[in-house]
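K.L.:
What follows is a protein structure lacking sequence information:
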């Protein structure tokens, strides 16, 4: 019986946090088979929700209601109800837009990029990360829609032949945004839905009441699990992943063009596209963790969303956090190195001007707080993980605040400098957008399969056929199976 | 023997992947062509066991992607830099372009159109992948004879079913039933249309 210092899992529950390179850690822990995985996940959509769900849903629905009332107030009154002014004409709506669209990126990263990289651990969290993407993009899409001032003319954004014989300006980054975010929302929705069809069929086949039989029956399109269908399904899924990967990189690049194509100091920078994409994944993973850590406990999914999933997500956050740190440093260095008067002033003003509190909040939340994740103890305790994730959630919002507000409020001409003060409508809409997000997310948790059951089954050892003469494993065949090595389990 | 015109086929259940893959291979090697393996997840290696040929889906996606690319290019070029003496006709009259001269920049500014072209390429390709897949799989099809078979409900959870259909030229109810049982299938049953 050797004891290794690496092991943190309790003997009762052999987990999968090993870093021992001699074996692969199992992706699904505990004593699970296809039946138990199906039961654990499908049960969530079948049973009456727990009390905590109702409390959370009540709060979320109220905030969502607040958002709708405020949008009504805005439309009836005008954009003057916001704190937006000249020169700060973008204010909260654009901050919130960039914040939410950034959060969406982690979902596609998990579902597409990690799929292409054969990171099979993604199967445990990809479904709800994709759902998170859809709802975050809904929140994001709403803000520019109401920011245009006359939302009833928002269709002017789209290239529709009209009686005015006018077309949108295809050279404008704002129109690129319409196409990028529109495509992103559509492709994410397709990706999410297509991946969900086999699991909806599972719910259909388990449904006991007529209403859910009909609803899941229609949604699952008559999926029957035919291997000939699976063949085309898997190919379509692979192609969608390959399409979504450049797409997700392009979307936040295009969002960053909204800033980078302008001549404003602090915005006019070639580092913006990669910097925004890294920041988006950083903030998105923070939201994935914010949702996953409570969800795995409350839904009893600890054996499918394992500690290793959380650990991996923390590592992705650390990595992207470093890129963000590098981008911040480069911005400051280039501002100094360029010798450009206005550029230097803007960055000095960020760190020492009237919005220094926002800048230093951002620095603390994005660069200092999450560093606790370097410690294994922090990564393996919900408190450490949630602290880091919350830091990043706040920090990434403030990053957008700093970019939008500090660059606008003091530009070239000191006589037009002004301060930006958010109104109660601004704050209410920010809170309301969380209401919109969580209302849909909680409904998703109740009615749809929160875990990609079919995909999880493929990474379980039972899913692999053995090709030996009598059905036994050939040498080396189990190495790829994520089967816990019996010696390794025994050692504890 | 029942009237074969009213039979959909014969199906047998497996609860072990290795046995199912083995049986699928045996079914193909016995010469059956109209059969299928129904499983809760894609089984690794089933394609070669069943002799499934690669799908043409990637070509559909390529065609859709090229269409999207040309649509993006056409839309941006036509509206921003309309060719002289040409307008697109429509039932409501010609649809003219809308050239805007801004800061003396060229009307035909291709680099600025790239994001639009790229996004439309991706959008059309994604539509091609999803709807092409559904079309090739003949989905949605809400009713299938197999759905009436009680045990088939477990196929989306934890069972694997192999069904040999009556339209197979080699089909004979007795023979197929015996054959599937010999492959280790449990609960071999005839499914009516």
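P.N.:
Looks like it came in fine. Note that the structure is predicted; figures quoted are calculated from it, not measured.
K.L.:
can you give me the strands in chain B?
P.N.:
B:7-14, B:35-38, B:160-165, B:186-192 (DSSP state E).
K.L.:
between these, which gets nearest to chain A?
P.N.:
With distances scored as Cβ to the nearest Cβ, the stretch of the strands of chain B nearest to chain A is strand B:35-38 (4.2 Å). C-beta coordinates here come from the backbone N, C-alpha and C atoms, glycine included.
K.L.:
buried sites along that closest one?
P.N.:
Going by neighbour count (16 or more other Cβ atoms under 10 Å in any protein chain shown), the buried part of strand B:35-38 is B:35-38.
K.L.:
cool, and stretch A:40-48?
P.N.:
Residues A:40-42, A:44-45 are the ones in stretch A:40-48 that count as buried (16+ other Cβ under 10 Å).
K.L.:
Take the residues you listed and keep only those in helices.
P.N.:
When these are checked against helices using DSSP state H, the ones located there are A:40-42, A:44-45.
K.L.:
related to what we said a few turns ago, from the buried residues of stretch A:40-48, which are also near chain B?
P.N.:
For chain B, the contacts drawn from the buried residues of stretch A:40-48 by Cβ under 8 Å from any Cβ of the partner chain are residue A:42.
K.L.:
Need the max-distance pair from the buried residues of stretch A:40-48.
P.N.:
Farthest-apart pair in those is A:40 and A:45; separation 11.2 Å (Cβ to Cβ).
K.L.:
ok, residue B:13 touching residue B:181?
P.N.:
No - judged on Cβ atoms under 8 Å, residue B:13 makes no contact with residue B:181 at a distance of 11.1 Å.
K.L.:
what about those two, which has more around it?
P.N.:
Set residue B:13 next to residue B:181 and count neighbours by other Cβ atoms under 10 Å in any protein chain shown: residue B:13 wins out with 21 against 14.
K.L.:
show me the contacts for that one.
P.N.:
With contacts defined as Cβ atoms under 8 Å, 6 or more residues apart in numbering or on different chains, residue B:13 is in contact with B:151, B:154, B:159-161, B:185-188.
K.L.:
chain center to stretch A:188-204: distance?
P.N.:
19 Å (Cα atoms, centre = their mean, to the nearest Å).
K.L.:
pLDDT of it, averaged?
P.N.:
Computed over stretch A:188-204, the mean pLDDT rounds to 94.
K.L.:
hang on, the earlier thing: now for residue B:13 and residue B:181: what residues contact both?
P.N.:
Taking Cβ under 8 Å, 6+ apart as the contact rule, the neighbours common to residue B:13 and residue B:181 are residue B:188.
K.L.:
Whether whichever strand or helix holds residue A:115 contacts chain B - can you check?
P.N.:
Following DSSP states H and E, one finds residue A:115 within helix A:114-116. No - remark: helix A:114-116 sits outside contact range of chain B, by Cβ under 8 Å from any Cβ, the gap being at least 13.5 Å.
K.L.:
tell me the mean pLDDT over the helix or strand that that helix is followed by?
P.N.:
Toward the C-terminal end, the helix or strand that comes next after helix A:114-116 (DSSP H and E) is helix A:126-147. If you average the pLDDT over helix A:126-147, you get 93.
K.L.:
Any idea how far the helix or strand just after helix A:126-147 is from the middle of the chain?
P.N.:
Sequence-wise, the next helix or strand beyond helix A:126-147 is helix A:173-206, with elements assigned using DSSP H and E. Centre-to-centre, helix A:173-206 and its host chain are 14 Å apart (Cα atoms, centre = their mean).
K.L.:
Next, the angle from the next helix or strand after helix A:173-206 to helix A:173-206.
P.N.:
Read in the C-terminal direction, the helix or strand following helix A:173-206 is helix A:210-219, with elements assigned using DSSP H and E. With axes from the mean of the first three to the mean of the last three Cα atoms, to 10 degrees as the basis, helix A:210-219 and helix A:173-206 are set at 130 degrees to each other.
K.L.:
what residue ranges in chain B score low on pLDDT?
P.N.:
Under the criterion of pLDDT under 70, the regions of chain B flagged as low confidence span B:1-4.
K.L.:
returning to that earlier point: of the buried residues of strand B:35-38, list those near chain A.
P.N.:
Near chain A, taking Cβ under 8 Å from any Cβ as the test, the members of the buried residues of strand B:35-38 found are B:36-38.
K.L.:
so what secondary structure elements neighbour the top helix by length along chain B?
P.N.:
Counting by DSSP H, the longest helix found in chain B is helix B:110-136. Secondary-structure packing of helix B:110-136 (3 or more Cβ pairs under 8 Å, 6 or more residues apart in numbering or on different chains; DSSP states H and E): helix A:173-206, helix A:227-260, helix B:57-80.
K.L.:
From the chain's centroid, how far away is the shortest one?
P.N.:
In this case it means helix B:57-80. Distance, stretch centre to chain centre, for helix B:57-80: 22 Å (Cα atoms, centre = their mean).
K.L.:
what's residue 152 in contact with, if anything?
P.N.:
Unless you meant another one, I'm taking chain A. Taking Cβ under 8 Å, 6+ apart as the definition, contacts of residue A:152 comprise residue A:75.
K.L.:
nope, chain B
P.N.:
For residue B:152, the set of contacting residues under the criterion of Cβ under 8 Å, 6+ apart consists of A:205, B:11, B:38, B:146, B:161.
K.L.:
in chain A, what spans have low per-residue confidence?
P.N.:
Scanning chain A for pLDDT under 70 picks out the ranges A:1-15, A:18-24, A:467-492.
K.L.:
Check which helix or strand the closest residue to residue A:408 other than its chain neighbours maps to.
P.N.:
Nearest residue to residue A:408 in three dimensions, chain neighbours excluded: residue A:88, at 4.6 Å (Cβ to Cβ, 6 or more residues apart in numbering or on different chains). Element membership of residue A:88, judged by DSSP H and E, is empty: it is in no helix or strand.
K.L.:
middle-most residue in chain B, spatially?
P.N.:
For chain B, residue B:133 is the residue whose C-alpha lies nearest the centre (Cα atoms, centre = their mean; 2.7 Å).
K.L.:
leaving aside the residues next to it on the chain, what's closest to it?
P.N.:
The shortest distance from residue B:133 to any non-neighbouring residue, by Cβ to Cβ, 6+ apart, is to residue A:236 (3.7 Å).
K.L.:
same thing with residue A:166?
P.N.:
Closest residue to residue A:166 apart from its sequence neighbours, by Cβ to Cβ, 6+ apart: residue B:98 at 5.5 Å.
K.L.:
Same check on residue A:309?
P.N.:
Setting aside the residues directly before and after it, residue A:309 is nearest to residue A:124 in space (Cβ to Cβ, 6+ apart), at 5.2 Å.
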